[in-house]
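J.: have a look; sequence and predicted model below, questions after that.
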Amino acid sequence: MSINFTFTGTANSTYTPPGTAFLYGTMAYNAAGNGIRPVNYNFSQLVDVIAAETTGYSEAVVDFTLATAGAEAGLCFIDGTRSGFSLIITSSALVLRKEVSGSAGSTIASLSTTNSGSATYRVSITLSTGAIVVTKNSTQVLTGTYTDIASGLRPGIQSYTYDGTGASYASLVTSTGTG
């Protein structure tokens with residue numbers, strides 16, 4: 001099973017997910033109407049309602065072109081309690097971290113790097129081993145292992161901004177590995 005979204009709509013209007021996607025928090029279309037972004041001072045997660053069974057991935061085109069300080073984008077795998085893990089993307093780092101009931105948990109792995117402009121990020125997991133692989137523009141850049149319970153994890157995206165404009169997402173593709 002999978003979802004495949006390209007985000008286009010009325011500039012600055014509130015985004016409402018279609019189909020099987022579920023949104024925690026609020027997102028809006030960006031000023032150009034060709035992506036979605038977090039609403040200021042807001043944490044949001046957009047996830048597939050179907051949990052991965054064996055493997056899964058979340059892939060998104062993330063654009064930092066107009067993002068200001070405090071912008072954070074991410075791809076996530078969370079369960080119904082908003083626990084799991086995420087790839088946090090900032091202008092200067094990639095961080096795999098645990099998510100615990102919608103709050104930041106401990107770091108799994110990290111990489112200092114420059115993230116600007118637009119890039120395609122993918123986070124893949126093999127649930128039986130917890131092995132995580134992160135790619136940026138199809139090149140592997142980070143790996144880690146998720147050691148908590150991996151059942152019930154749903155793939156998606158997340159975003160946060162505490163001031164100014166957040167990074168926007170042009171698209172989201174997920175796979176739940178259910179065949």
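T.: Good, I have the coordinates.
J.: report the central residue of this protein.
T.: The residue lying closest to the centre of the chain (C-alpha atoms, centre = their mean) is L75, at 2.0 Å.
J.: quickly find the element holding that one.
T.: In this structure, L75 sits in strand 71-78 according to DSSP states H and E.
J.: so which elements touch that strand?
T.: Contacts defined by 3 or more C-beta pairs under 8 Å, 6 or more residues apart in numbering; DSSP states H and E place strand 71-78 against strand 42-48, strand 55-63, strand 84-89, strand 118-126, strand 154-161. All C-beta atoms are positioned from the backbone trio N, CA, C, and that covers glycine.
J.: in JSON lines: the ones you listed, plus mean pLDDT and distance to G25.
T.: Output for these, formatted as JSON lines (pLDDT from 0 to 100; distance: least, C-beta to C-beta, whole Å):
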{"stretch": "strand 42-48", "mean pLDDT": "89", "distance to G25": "3"}
{"stretch": "strand 55-63", "mean pLDDT": "93", "distance to G25": "16"}
{"stretch": "strand 84-89", "mean pLDDT": "94", "distance to G25": "14"}
{"stretch": "strand 118-126", "mean pLDDT": "95", "distance to G25": "19"}
{"stretch": "strand 154-161", "mean pLDDT": "90", "distance to G25": "8"}
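J.: out of these, flag the one nearest A170.
T.: Of all these, strand 55-63 sits nearest to A170, with 4.0 Å by C-beta to C-beta.
J.: mind listing what's buried along the closest one?
T.: Applying a neighbour-count criterion of 16 or more other C-beta atoms under 10 Å, one finds 56-63 buried in strand 55-63.
J.: cool, thanks, talk later.
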